[in-house]
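Need coordinates for the following:
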Amino acid sequence: MNFFRITLALLALSTSNGASHAASAPVPVKDLFRDYDHGSISMSPDGSSLVSVFPSEWEKRYVRGLAYLNIETKESKIIHLDHTITIMQADWVGPRRQLVTVMGINYNRWAVLMGLLAFDADGGRSVHVVKPGDSSALFGTIVDDPRNRMRQAFAFSPPEVISCRGAGPDEILVAQQKRGDRYEKARRSVDEGAPPLPGVYRLNILTGKYALHTVDPGWTFNWFADPQGKVRVATGLNRAEFTSDGRWVDRKKLPAEKAFWFSDTGQVEEIAAIKLDPHEKFNPLGFELGGKRFLFSGRQGRDRAAIYAYDPVAKTVAGPLVENDHVDVSYPVLSPHDQTVAGVFVDDGLSRIEWLDPKLRELQPSIDHALRGYTNVMTGWTTDYQRILIRSTSSQEPGRYFLLDRGKGSLAEVYQRAPWLQGAKFGETKAIALTARDGVPLHGYITRPPGASDSARLPLVLLVHGGPWSIRDYASFDPEVQFFATRGFAVLQVNFRRSAGYGRKFEELGNHQLGRTMQTDLDDAVDWAIAQGVADPNRLVIAGGSYGGYATLMGLIQQPDRFRAGIAMFPLTDLIQQAENYKKDIVQKPWTRAEFNLESFKELVGDPVADREALQSVSPNEQVKRIKAPIFIVYGPKDEIIDKEQVKKFIGRLRMHKVKFVHFAPRDEGHGISDADKRIEVYTALEKFLHQLALVNAPRPAQASTAGKQK
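Purely as a prediction, here's the structure:
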């Protein structure tokens, strides 16, 4: 029995139309690219209830509320829905109590007004701990954080819950991040309503009162407490590399990181044993079970990141505890009770978990046997491991949740992220391995259309991921992949050199290789698909967004007779112009990372002065006349990464050289399409574009309006 979906139906929260999809028809665009009905689901630490974040539409605006289900009684209700605020995240801070971060909505002007609510799981004892916009809120970010550009967009961000155990009853520990030395110099106290000093605070979740608990030893953006609630580790940036108002001094390179250990007596010392250079990919995770050692991922002088343990007694690093011969290991699964590291993901082909908790390690095989075909992650469990919440995903399933009750011997589905896709037929994604022409091993994925024979030669879409640094492809449910697969295409994805997650050497092989070996890796992957009998060499399409859009255009230029069409979304078209834009931003937008972006561009792509001729030779804008295939191109009028003028200039040259194309500029969109309705319009138009190419035998798509300009 699907209790949670029944609950949502009773509450009229689900927008599922209940329709199943015919096996012979492609999944409708509107079903693939609409927003999911629900963001997350979590189980209370005592296993008594489930809470789900859900969206609600009001006057064509969406806010998110919270719904509750008592697992035993099946009692269900909405515990929070307010069309003036929306829920950003919900954290369990006790067996049955929630701390909810909310954002106030101001529809007349842009505003981010954060607040905190606390209430019992069933909605009782509701307290507005901090009202949105309260000047004394425990909110704030690093003024100028060069590692996270998104933080600079928000004046206020939610406090991070460090531990559910404070110094007194009904208290938790939360972190207030660095906002600038000027607050310290002014000696403002928290009682005066001024933003508090950075550090860890005791926060009473019944009264909203707070007090400084641990002073920030540096420019901290990560705090960790041990399972007993004692603050032990702080990691952040070197304060000496910042001005008093929070600007980092040498803006051509990232500031150095620092890590600190707090003793039982509160003494602070730097952790010298952990390598913190940016190339080391240091990522603090949390404490191991029992809380004796602190776990982190990093390279520690090796090629690939692995999991290590810092021993505060010996002041040494042990490990690697978990490593892989092919990929970096860094993403943790944390215990819902004390945030200890229960396991880590290993994305070597298809994703799996290496459990550090022996009880969860013992349970995993039986769960995988019962839920075959999924990647099954235990996201919540009671302290006795009798009741467990499981998230199941695959390349064909965006997410289902199951509740395992070991005492009752039952396993029941309680939730689906996209119930309207029930009955739809999707292509299965499989991991592949091949070798580039210069001997470099490459990994990727192939997705065949649903029901396609393994021996059939198929029209193929080479789908290139963006980035290219810090990004890679995974075998997860991807609406874009399934869009192509359910319309009869095989979809080929390859993690070409410079893709993230395969070690430092693999990344550095891509330096100064845009349009060169990074591009030939893609060609070699297509050759592999043809040699394997998967792809029909006469029906090839290349597609991608951002860097993938650039690679798409370069593929059409370098191999004009190979691809029947190109699909380029938000593409980089002129490498010299991209560097010039960084130079302009240094003067016009000094608060951005423009100087660092320019230096990174020189290191990874090339120097726009010294390497000008080489960069021009691999800029699509300079070689438009070589393109023969029609192009579907999308750009964002408000794109702050790829200047719209750069793409518009490219489109002008397409006209000049009489290259066939369709182009869209979805209004108010930037480097991507965030609005679901506009995504649906763009991909409906793309479906029509593909149908006109007659590459597959598929039902003709319905006519639809476009999401912007069409030529």
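
Now for the nearest residue to residue 283 once chain neighbours are set aside, how many residues are close by?
Sequence neighbours aside, residue 297 is the residue nearest to residue 283 in space, at 4.5 Å (criterion: Cβ to Cβ, 6 or more residues apart in numbering). Every C-beta, even on glycine, is put in place using the N, C-alpha and C of the backbone. Neighbour count for residue 297, taken as other Cβ atoms under 10 Å: 27.

just residue 533 next, same as before
Quick note: residue 533 (other Cβ under 10 Å) scores 12 neighbours.

From residue 490, how far out is it?
11 Å (Cβ to Cβ, to the nearest Å).

Any stretches of the stretch 301-450 of the chain with poor pLDDT?
Within the stretch 301-450 of the chain, not a single segment meets pLDDT under 70.

now the helices: where do they sit in it?
358-370 (DSSP state H, counting those that start in this stretch).

The residue nearest to residue 283: what's it in contact with?
Residues in contact with residue 297 (Cβ atoms under 8 Å, 6 or more residues apart in numbering) are 281-283, 285, 305-308, 328-330, 332, 344.

Let me know the closest of these to residue 551.
Using Cβ to Cβ, the shortest approach to residue 551 within the contacts of residue 297 belongs to residue 328, at 22.7 Å.

and that closest one, what does it touch?
With Cβ under 8 Å, 6+ apart, residue 328 has these contacts: 281, 297, 304, 305, 306, 500, 501, 502, 503.

what does residue 329 give?
With Cβ under 8 Å, 6+ apart, residue 329 has these contacts: 297, 304, 305, 306, 307, 322, 323, 344, 345, 346, 354.

before we move on, what about residue 407?
386, 387.

can you check residue 91 too?
Contacts of residue 91 by Cβ under 8 Å, 6+ apart are 98, 99, 100, 101, 161.

again with residue 289
So residue 289 contacts 335, 340, 341, 342, 356, 357 (Cβ under 8 Å, 6+ apart).

ranges for the helices of the stretch 1-150 of the chain?
According to DSSP H, counting those that start in this stretch, the helices that the stretch 1-150 of the chain contains are 3-10, 29-33.

Out of those, name the one with the poorest average pLDDT.
Between those, the one with the least mean pLDDT is helix 3-10; it has a mean of 37.

helix or strand for residue 519, which one?
For residue 519, the host element (DSSP states H and E) is helix 517-531.

Please work out the average pLDDT along that helix.
Helix 517-531 shows a mean pLDDT of 98.

Give me the helices and strands touching whichever helix or strand comes after that helix, please.
Moving toward the C-terminus from helix 517-531, the next helix or strand (DSSP H and E) is strand 535-545. When contacts are defined as 3 or more Cβ pairs under 8 Å, 6 or more residues apart in numbering; DSSP states H and E, strand 535-545 packs onto strand 458-464, helix 517-531, helix 547-558, strand 565-569.

Now do strand 535-545 against strand 565-569, angle only.
Compare the direction of strand 535-545 with that of strand 565-569 by axes from the mean of the first three to the mean of the last three Cα atoms, to 10 degrees and you get 20 degrees.

Show which residues not belonging to strand 535-545 make contact with it.
Counting by Cβ under 8 Å, 6+ apart, 457-466, 484, 489-490, 492, 522, 526, 529-530, 550-552, 555-556, 562-571, 672, 690, 693, 695-696 sit against strand 535-545.

Just the buried ones from the residues you listed?
Listed as buried from those are 457-466, 484, 489-490, 492, 522, 526, 529, 550-552, 555-556, 562-571, 672, 690, 695-696; burial here means 16 or more other Cβ atoms under 10 Å.

pretty sure residue 497 is in contact with residue 513, am I right?
Yes. When contacts are counted by Cβ atoms under 8 Å, residue 497 is listed as touching residue 513 (6.8 Å).
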